[in-house]
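Engineer: Give me the fold of what follows.
(chains A, B, C and D)
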Protein chains: 2
Amino acid sequence: MNVPTDKLPSLAAIKRMPMYLRVLKRMSEKAEFASATKVAEELGLEAIVVRKDLELAEVLGRPGVGYPIKDLIGGIENLLGWNNLSDAVLVGAGSLGTAILGYQGFANYGMNVVCAFDSDPAKEGSTIHNKKVLALSKMTGLVGRMHVQMGIITVPKEGAQEIADLMVAAGIRAIWNFAPIKLTVPEQVDVQNEDLAEGLAALSVKLTHKNKS
Amino acid sequence: MNVPTDKLPSLAAIKRMPMYLRVLKRMSEKAEFASATKVAEELGLEAIVVRKDLELAEVLGRPGVGYPIKDLIGGIENLLGWNNLSDAVLVGAGSLGTAILGYQGFANYGMNVVCAFDSDPAKEGSTIHNKKVLALSKMTGLVGRMHVQMGIITVPKEGAQEIADLMVAAGIRAIWNFAPIKLTVPEQVDVQNEDLAEGLAALSVKLTHKNKS
DNA sequence: TAGATTGTTAATCGATTAACAATC
DNA sequence: TAGATTGTTAATCGATTAACAATC
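Structural biologist: From the prediction side, this is the model:
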């Protein structure tokens, strides 16, 4: 049952979607239609970029008017799979884990963090930002029972591979990895690495370049 | 006093540098030379990518042998401007701010977070991960006195623009922004936006796609 | 000498930007 | 009708990948 082979979305475009979603949700309170021009202006982008990206939502726009905002939001959420929430578990209730647990609005981003796990007995049983912290030994069972698909790794890099192995064994299919290390996982498991140092590197070169010239 | 116009580094390559730095520092304990082949293997990249990227460090490699690791590390740090630490201040001592203050190894990434600021009087005077939290009103003076160049914004989006304005007025030249909002700043000020939702979007489409096919 | 790996030029690929007819 | 904006095709740009002679 294959759909007509859509244009395959570029990663760059996908990464811009959350930003569109935020702006569109705000605009939806005041208007019914949004033009690419307007959205671009709000975000400091070129209108052509926005128009190309919004194609991916597969919503017909009206020349001279713009796109119906509600449909656009629906289209983008559908593209990302954010129209029905995925359950996730987080392992590593340190300060980064805590920050992520406290991040408001993952619900807007298609994700429901069920609970956290930590191997430190002192943290076991506590509650962080309304999420229970459980013993790591309970993860496998819970993930299996609830068919949790997504795992978030916020442990120090030494323990990250081990946690990834546990997650994979438990049936998790996508890993959001904050440890600065390459994880080895079976190819059917998706991994998204976050590396804060990337952004800092980008900022640093700009600053350095500027100071030189 | 211009250098011979080097190849201008691509942003993608720059963002891979921290990863190289980590691997090379680890390898430097055991070996003197590292080949692009070996580095690529460690990181799950293609050797050609690594070879091209390492060009930017402007270190001569030896055919059949590889690159002198120490020099390579120096070259990369020099490229990024991480050989001499930049001072930074952080505004917003919430859970994300706390996580960043606690992040070990910014010293490896060329940055020294001097202290944090928060507008909540209850936090004033406290210490988070060994960094003092001061009243926001003290920021301008401190930044000016110490010639701090970099500002980190970890306040909720409602307050972010205001903080950016304060930072700019105080003389900050680069802003690392974690609030999900477009900041308006003079063009000579660099901004690096971090948006966790980007990575989540990328992971979500992969997962969604997989579940469909 | 044989094997590995660099440095560099050229080819490919993909994403961004431009152009413009169609249409609200 | 005039102005704005879409949808789409083509042109440009930049990054990745391939190829290979030079050399340790």
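Engineer: who's in contact with the longest strand belonging to chain A?
Structural biologist: Secondary structure of chain A per DSSP state E: the longest strand is strand A:111-118. Outside strand A:111-118, the residues within contact range by C-beta atoms under 8 Å, 6 or more residues apart in numbering or on different chains are A:85-93, A:97, A:100-101, A:106, A:124, A:128, A:131-136, A:138-139, A:142, A:146, A:148, A:150, A:152, B:200, B:204. Quick note: C-beta positions are derived from backbone N, CA and C, even for glycine.
Engineer: Strands - which of those residues land there?
Structural biologist: A:86-91, A:128, A:131-135, A:150, A:152.
Engineer: Outside of the lowest-mean-pLDDT helix or strand in chain A itself, list whatever touches it.
Structural biologist: None of the helices or strands of chain A scores lower by mean pLDDT, DSSP states H and E than helix A:196-212, at a mean of 89. Helix A:196-212 is contacted from outside by A:180, B:9, B:11, B:14-15, B:17-19, B:79-82, B:86, B:100, B:103, B:106, B:109-111, B:149-150, B:173-174, B:176, B:188, B:190, B:192-194, using C-beta under 8 Å, 6+ apart.
Engineer: cool, and stretch A:175-194?
Structural biologist: Stretch A:175-194 has contacts (C-beta under 8 Å, 6+ apart) with A:88, A:96, A:100, A:150-157, A:159-161, A:164, A:167-168, A:172-174, A:195, A:197, B:18-19, B:22, B:42-44, B:196, B:199-200, B:202-203, B:206-207, B:210.
Engineer: Could I get the full set of helices for chain A?
Structural biologist: Secondary structure of chain A (DSSP state H): helices at A:11-27, A:36-43, A:47-55, A:69-80, A:95-102, A:139-146, A:157-170, A:196-212.
Engineer: Can you tell me which of the contacts of strand A:111-118 are buried?
Structural biologist: Buried members of these, counted by 16 or more other C-beta atoms under 10 Å in any protein chain shown: A:86-93, A:97, A:100-101, A:106, A:124, A:128, A:131, A:133-134, A:136, A:139, A:142, A:148, A:150, A:152, B:200, B:204.
Engineer: Next, count neighbours for A:Glu32.
Structural biologist: For A:Glu32, the neighbour count with other C-beta atoms under 10 Å in any protein chain shown is 12.
Engineer: quick one: it and A:Asp71 touch, right?
Structural biologist: No: using C-beta atoms under 8 Å, A:Glu32 is not in contact with A:Asp71, being 10.1 Å away.
Engineer: Where does the prediction get shaky in chain A?
Structural biologist: A:1-7, A:212-213 (pLDDT under 70).
Engineer: how near is whichever residue of it sits closest to DNA strand C to A:Leu72?
Structural biologist: Using C-beta to the nearest atom of the strand, the point where chain A gets nearest to DNA strand C is A:Gly64, with a distance of 2.4 Å. The gap separating A:Gly64 from A:Leu72 is 17 Å, by C-beta to C-beta, to the nearest Å.
Engineer: Looking at those two, which is more packed in?
Structural biologist: Just comparing A:Gly64 and A:Leu72: by other C-beta under 10 Å the higher neighbour count belongs to A:Leu72, 24 against 6.
Engineer: which of the contacts of strand A:111-118 are close to DNA strand C?
Structural biologist: Applying C-beta under 7 Å from any atom of the strand to those, one finds that nothing falls near DNA strand C.
Engineer: what angle do the least confident helix or strand of chain A and helix B:11-27 make?
Structural biologist: For helix A:196-212 against helix B:11-27, the angle between stretch directions is 110 degrees (axes from the mean of the first three to the mean of the last three C-alpha atoms, to 10 degrees).
Engineer: Any buried residues in helix A:196-212, and which?
Structural biologist: Result for helix A:196-212 [16+ other C-beta under 10 Å]: buried residues A:196-208.
Engineer: before we move on, what about stretch A:27-36?
Structural biologist: Quick answer for stretch A:27-36 (16+ other C-beta under 10 Å): A:27, A:33-36.
Engineer: near DNA strand C, anything from that stretch?
Structural biologist: No: Stretch A:27-36 stays clear of DNA strand C (C-beta under 7 Å from any atom of the strand), getting no nearer than 9.9 Å.
Engineer: Skip the chain neighbours and tell me the closest residue to A:His147.
Structural biologist: Once flanking residues are discounted, A:His147 sits nearest to A:Gly171: 7.2 Å by C-beta to C-beta, 6 or more residues apart in numbering or on different chains.
Engineer: can you pull the contacts of the one you found?
Structural biologist: A:143-144, A:147-148.
Engineer: let's go with 10 Å and repeat that
Structural biologist: By C-beta atoms under 10 Å, 6 or more residues apart in numbering or on different chains, the residues touching A:Gly171 are A:140, A:143-144, A:146-149, A:151, A:189.
Engineer: closest to DNA strand D among those?
Structural biologist: A:Val189 (20.7 Å).
Engineer: Quick check: residues of chain A near DNA strand C?
Structural biologist: Residues of chain A lying near DNA strand C (C-beta under 7 Å from any atom of the strand): A:10-13, A:46, A:48-49, A:52, A:62-65.
Engineer: from those residues, which two are the most distant?
Structural biologist: A:Leu11 and A:Gly64 (31.9 Å; C-beta to C-beta).
Engineer: Does stretch A:98-109 reach chain B?
Structural biologist: Yes: using C-beta under 10 Å from any C-beta of the partner chain, we find that stretch A:98-109 touches chain B at A:98-106, A:108-109.
Engineer: Sort out which residues of that stretch are buried, please.
Structural biologist: A:98-103, A:106, A:109.
Engineer: and A:Lys38, how many neighbours does it have?
Structural biologist: A:Lys38 has 16 nearby residues by other C-beta under 10 Å.
Engineer: returning to what we had before: quick one: buried ones out of the residues of chain A next to DNA strand C?
Structural biologist: Judged by 16+ other C-beta under 10 Å, buried ones among the residues of chain A next to DNA strand C: A:13, A:49.
Engineer: Go back to the residues of chain A next to DNA strand C and keep what's next to chain B.
Structural biologist: Residues of the residues of chain A next to DNA strand C in contact with chain B (C-beta under 10 Å from any C-beta): A:11-13.
Engineer: can you redo these as TSV with distance to B:Ser119?
Structural biologist: Listed next are these as TSV, based on distance: C-beta to C-beta, whole Å:
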residue	distance to B:Ser119
A:Leu11	37
A:Ala12	36
A:Ala13	37
